[in-house]
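Enquirer: need coordinates for the below:
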Amino acid sequence: MLKIVGMADMKVSGADGDILVTYALGSCVGLTIYDRVAGVGGMLHAMMPDSSIDPNKSKENPFMFIDTGLIKLIDGCVRMGAKKERLEIKAAGCSALKTSGFFKIGYRNFNSLTSALSGLNLALQAYDVGGKSSRTMRLMISDGEVLVEDGGKKIKL
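Expert: Next up is the predicted model:
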């Protein structure tokens, strides 16, 4: 079953036929985690780098921010049987959709993600980030395959 992960949203699954998908990954980060032994995976579509930007919003919706969303994503998969030490972690997005910009959200999102993962003794195994295009990301729960569509190209992470 196709399960859509919206902006500032997260889904986890252990159902063999499920496909998690998120659309319109511009400066946002799409993050997948997968445990092959447990057959459990999840996806996060986070918009902002750090919950300290707006602590009240992070309490309302932790998936809006990378730091709080990552913790919820890992916890959700662990509750379904995944083990933190077996997680395969992949990311897409973090584009610079405008040619110039003071905030550089895509760049900040990627830095925040790698920093948050490092703080948890985790690392990305693969990623497709940067550039100026919007991406679609899919996670196949049956085998952990992650596909990214970027400007008409399909990339397997």
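Enquirer: identify the residues contacting stretch 5-15?
Expert: Contact partners of stretch 5-15, identified using Cβ atoms under 8 Å, 6 or more residues apart in numbering, comprise 1, 3, 20-22, 24, 28, 30, 38-47, 61, 63-64, 69, 72-73, 76-77, 80-81, 141. For every residue, glycine as well, the C-beta is placed using N, CA and C.
Enquirer: my bad, should have said stretch 45-62
Expert: Outside stretch 45-62, the residues that touch it by Cβ under 8 Å, 6+ apart are 5-10, 22, 25, 27-31, 63-72, 105, 108-109, 111-113.
Enquirer: start and end of that stretch, how far apart?
Expert: 11 Å (Cα to Cα, to the nearest Å).
Enquirer: now do the buried residues in that stretch.
Expert: Going by neighbour count (16 or more other Cβ atoms under 10 Å), the buried part of stretch 45-62 is 45-51, 58, 62.
Enquirer: pull the number of nearby residues for A8.
Expert: For A8, the tally of surrounding residues (other Cβ atoms under 10 Å) stands at 19.
Enquirer: and what of the one 3 residues further on?
Expert: In terms of burial, K11 registers 21 neighbours under the definition other Cβ under 10 Å.
Enquirer: what do you get for the one 4 residues further on?
Expert: Each residue near A15 was counted by other Cβ under 10 Å, and the total is 12.
Enquirer: ok, it to A116 distance?
Expert: 27 Å (Cβ to Cβ, to the nearest Å).
Enquirer: stretch 89-105 spans what distance, first to last residue?
Expert: The first and final residues of stretch 89-105 sit 21 Å from each other (Cα to Cα).
Enquirer: what's downstream of the helix or strand where Y107 lies, the next helix or strand?
Expert: Under DSSP states H and E, the secondary-structure element containing Y107 is helix 105-119. Next helix or strand after helix 105-119 toward the C-terminus (DSSP H and E): strand 126-129.
Enquirer: go through that next one and flag the buried ones.
Expert: By 16+ other Cβ under 10 Å, the buried positions in strand 126-129 come out as 127-129.
Enquirer: kindly report the same for stretch 64-75.
Expert: Buried residues in stretch 64-75 (16+ other Cβ under 10 Å): 64-70, 73-74.
Enquirer: helices of this protein, residue ranges please.
Expert: 55-60, 66-79, 105-119 (DSSP state H).
Enquirer: quick one: mean pLDDT for the longest one?
Expert: Helix 105-119 carries an average pLDDT of 95.
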